[in-house]
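Participant: pasting the sequence and the predicted model now:
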Amino acid sequence: MSAAPETVSGPLITADGIPLKESLQKSLRRSKIRAALLVAPPLLFLIFLFVIPIGNMLTRSVDDKLINQVLPNTFEAFESWDKVSEPDETMFAAIYQDLKAADKTDIGKASVRMNYAKPGWRSLVKRTARKIKKMEPPYKEAFLKADDRWTDNEYWLSLGIMKDKRTMGYYLNAVDRTYDFDKNVVHVDENRKVYNLLWWRTIQVSIIVTLACLLLAYPVAYLLATLPMRIANLLMICVLMPFWTSLLVRIVAWMIMLQQNGVVNDTLVAAGVLSDENRLAMMYNFNGTVIVMTQILLPFMILPIFSVMKTIPPSYMKAAQNLGATPTLAFIRVYMPQTIPGIGAGCILVFIVAIGYYITPELVGGKDGRLIGNMVAYHMQRSLNWGLAAAMGTILLIVILIFYWIYDKIIGIDNMKMG
Amino acid sequence: MSNDDHLVRFVDIQKSYDGESLVVKNLNLDVATGEFLTMLGPSGSGKTTCLMMLAGFEPATHGEIYLKENPINRVPPHKRGIGMVFQNYALFPHMTVAENLAFPLEVRHIDKSEREQRVKRALDMVQLGAFGDRRPAQLSGGQAQRVAVARSLVFDPDLVLMDEPLGALDKNLREQMQYEIKHIHENLGLTVVYVTHDQSEALTMSNRIAVFDDGIIQQCAPPEVLYEQPENAFCANFIGENNRLLGKVVADEGDNVKVEIDGDAGTVVAKKVNVGGVGERSTLSLRPERVTVDPDPGSLPNVFSGKAEELIYLGDHIRTRFTVCGHDDFIVKIPNSAVHAHLKEGDTVNIGWNAEDCRALDPSD
């Protein structure tokens, strides 16, 4: 034997005297760099085109900075007001200063925001702002001359809702609640309640669609997994066909099928099942939304279940029968439990897509088939109340996370198989 | 012969999957109560199909299978009460070991306390008493195998089928499990029908071996008979190591025949087993351990000179490849004794064998 190894104590070193750890790191550096480069493009894509825009959108749901920037003096004067007596000259002077200093578009935006707190603010500010240049002290008189609503304390009181830079107001609006002037949470008037009903309906539709998809997809997936290859492939093409067809085309096709004088009604009338005056209303309502969404989301259920079933060897069913179980019992006790990962994945996929669905309810939903997604779109595109749209989006996200969490508790997320 | 002690009878069974070719051709086989019968054969020989017909998963195209003298062709698998160990065990992955074992008892509506007792007994039998709470995925191959055996026995079936149950295990474990299964069979007095393509497994475990080829049972006999007295060239070749010499019968001497080896390589005296008359072709079968190197002159009827081509040292014996009678793949197992230690590659020596050790069988291709 040669000399005893010298590395009895201390860090291990390689033959050329460099510590082992260092050489190992050096040898791994190349592969680390390569891995980082591979990950970089999708990561950057995600950050710039997903995380940042979504984050920005979500902050809008609580953001109330603008109004404070436009009317700093007004809010200062508001703090020293006793909230009971008629506003005095100092308050009018403050708002005069603010309106004069601010630029026109900011005033416009701020007035829109103020209108959410107290309807009427927008026209009041607009009308006053037009005359602001010619105003002279005393401002109270000048303001009252411009618009006599300035004596109405409610406008002034509503400033209290807006004085913080963060607000939960949009979230409250999204669930049919609002602040009163003392910043207490109250229900909105009965005739202005819309969103709670929509939330409830959205969840209802999502659950019904998910269950309907599960019911329809399970036998199809079973056939796909068990039929001989050639027939199964043909069936698979039928399942995937909708994916290759434009969503709009499919929805329009459903319109042709479901309308009052559509194929389904005509057939039922011709077959004598329905009389001509009792044609079914299957579209522009709740039913239309459910029927069409089920068809569109069906592949999202079939594919994960199929991919799980494909991995279950037929010997389990044989073993169960050999051990004395009838074919039905064997299916229920042995086959079905093994498909749960696929069922879970399919359900959560369909549910998540369904809860935010927008285009189908828009086209075939009519008045009582419309979902929360349509309201988000409405506030984004029409009313331009982005804060409210963002709040609704955030609530949707939270609802999905809650369902995800429940799923994880019951089935376990590691158990999910997407295919 | 009375049929009283026959648990299973296959009568004129034929099976076809496609209506064009027969996978099993006219099978007749009896399995006695308490017997360990192995169906041995290459893949595609029809042995697994026979097992599946017995278990009820494949219908017989023709013929009838009797279990305890009752025809069972129309009895569905779950009513046959036959235990089965599957090739990949088929342990239900979503149930624990104990739940797997309790499953057959549960579907038979056996009450809970007895169920637990029987599960425990079955687990103890395979030395896995502490593993009841594990999932099949947490078991090693050997443990899973034992659980599968225990599950097939827990409902006390008279008959247990095993479909290549040891195929997935490594060599040592496989040998150990062979003995364990054999002991369980002996202790419980079970009847076992076992399917394998591994001949040493079949020889180790069986009371009787049915050698399958091409959908036909070539020979069905106890291991020693099968090895010592193969009835045809396929069995001789499939079971154990075997030297084949091809030739033509030139003389019939009652018990023996004289066969002229192809290529005028000499004439061999062989035992007449399964061969036609003079002029027919024949395959001679000779076990490597029955050949004597350097025999005393005149002691053996067949003596030829052979050239040692290759020697492989295997400890207890030396495996030597000779060129004899024009065949260069003639294997001889020479016992490791001082007498033969001098043999070297390239040496030419006399080798010889007895007439009854050399069996004249059907001409194979």
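Facilitator: Done, it's in. Numbers count the residues shown, from 1 in each chain, chains lettered A, B, ... in the order given.
Participant: distance between the ends of stretch B:250-260?
Facilitator: End-to-end distance of stretch B:250-260 (C-alpha to C-alpha, to the nearest Å): 6 Å.
Participant: where does the stretch 151-300 of chain B come near chain A, residue by residue?
Facilitator: Residues of the stretch 151-300 of chain B found near chain A (C-beta under 8 Å from any C-beta of the partner chain) are B:151, B:155. Where you see a C-beta, it was placed from the backbone N, CA and C, and this is true even at glycine.
Participant: remind me, longest helix of chain A?
Facilitator: helix A:195-226 (DSSP state H).
Participant: and the next element down the chain from it?
Facilitator: For helix A:195-226, the following helix or strand on the C-terminal side (DSSP states H and E) is helix A:229-240.
Participant: so where's the stretch 151-300 of chain B uncertain?
Facilitator: Judged by pLDDT under 70, the stretch 151-300 of chain B has no weakly predicted residues.
Participant: the closest residue to chain A within it: neighbour count?
Facilitator: Across the stretch 151-300 of chain B, the shortest distance to chain A (C-beta to the nearest C-beta) belongs to residue B:155, at 6.7 Å. By the criterion of other C-beta atoms under 10 Å in any protein chain shown, residue B:155 has 19 neighbours.
Participant: and it, which of the three is it?
Facilitator: Going by DSSP: H, G, I helix; E, B strand; the rest coil, the secondary structure assigned to residue B:155 is coil.
Participant: what about it, distance to residue B:90?
Facilitator: As judged by C-beta to C-beta, to the nearest Å, residue B:155 and residue B:90 stand 16 Å apart.
Participant: the residue of the stretch 151-300 of chain B closest to chain A: what's it in contact with?
Facilitator: The contact partners of residue B:155, taken as C-beta atoms under 8 Å, 6 or more residues apart in numbering or on different chains, are A:323-324, B:81, B:83, B:104-105, B:108.
Participant: for PyMOL, what selects the buried ones among those?
Facilitator: PyMOL command restricting these to the buried ones, with burial defined by 16 or more other C-beta atoms under 10 Å in any protein chain shown:
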select buried, (chain A and resi 323+324) or (chain B and resi 81+83+104+105)
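Participant: strands - which of the contacts of residue B:155 land there?
Facilitator: Counting by DSSP state E, the part of these found in strands is residue B:83.
Participant: nearest to residue A:224 among the contacts of residue B:155?
Facilitator: Lowest distance from residue A:224 to those (C-beta to C-beta) belongs to residue A:323, with 27.1 Å.
Participant: let me know the secondary structure of residue B:186.
Facilitator: Residue B:186 is classified as helix under three-state DSSP.
Participant: residues contacting it?
Facilitator: Taking C-beta under 8 Å, 6+ apart, one finds nothing in contact with residue B:186.
Participant: from residue A:250, how far off is it?
Facilitator: From residue B:186 to residue A:250 the distance is 67 Å (C-beta to C-beta).
Participant: same question, residue A:201
Facilitator: With C-beta to C-beta as the criterion, residue A:201 and residue A:250 are 23 Å apart.
Participant: residue A:62 too?
Facilitator: Residue A:62 is 38 Å from residue A:250, by C-beta to C-beta.
Participant: which one's more surrounded, the two?
Facilitator: residue A:62 (18 against 15).
Participant: could you count how many residues lie near residue 25?
Facilitator: Here I'm looking at chain A. Residue A:25, neighbours per other C-beta under 10 Å, totals 11.
Participant: if you could check chain B rather than the one you did, that'd help
Facilitator: 15.
Participant: what does chain A put close to chain B?
Facilitator: A:313, A:315-316, A:318-327, A:329-330, A:333-334, A:337-338, A:340.
Participant: please enumerate the helices of the stretch 201-350 of chain B.
Facilitator: B:223-228, B:233-238 (DSSP state H, counting those that start in this stretch).
Participant: against which helices or strands is the first one packed?
Facilitator: In this case it means helix B:223-228. Contacts defined by 3 or more C-beta pairs under 8 Å, 6 or more residues apart in numbering or on different chains; DSSP states H and E place helix B:223-228 against helix B:199-205, strand B:208-213.
Participant: strand partners of the last one, parallel vs antiparallel please.
Facilitator: By that I understand strand B:208-213. strand B:36-40 (parallel), strand B:216-221 (antiparallel) (DSSP bridges).
Participant: hmm, who's touching it?
Facilitator: Counting by C-beta under 8 Å, 6+ apart, residues outside strand B:208-213 touching it are B:29, B:35-42, B:45-47, B:50, B:202-203, B:217-223, B:226, B:234-235, B:238-239.
Participant: repeat the analysis, applying 7 Å as the threshold.
Facilitator: B:29, B:35, B:37-42, B:45-47, B:202, B:217-223, B:226, B:234-235, B:238 (C-beta atoms under 7 Å, 6 or more residues apart in numbering or on different chains).
Participant: repeat for the first one
Facilitator: Identification of contacts with helix B:199-205 by C-beta under 7 Å, 6+ apart yields B:36, B:38, B:40, B:166, B:178, B:181-182, B:194, B:196, B:209, B:223, B:227, B:238-239.
Participant: now that helix - C-alpha only, PDB.
Facilitator: C-alpha atoms of helix B:199-205 as PDB (Å, rounded to 0.1, in the frame of the first residue of the first chain):
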ATOM      1  CA  GLN B 199     -38.900 -25.200 -16.800                       C
ATOM      2  CA  SER B 200     -36.800 -25.300 -13.600                       C
ATOM      3  CA  GLU B 201     -39.700 -23.700 -11.700                       C
ATOM      4  CA  ALA B 202     -42.000 -26.400 -13.100                       C
ATOM      5  CA  LEU B 203     -39.600 -29.200 -12.100                       C
ATOM      6  CA  THR B 204     -39.100 -27.800  -8.600                       C
ATOM      7  CA  MET B 205     -42.800 -27.400  -7.700                       C
END
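Participant: OK, contacts around residue A:137?
Facilitator: Residue A:137 neighbours (C-beta under 7 Å, 6+ apart): none.
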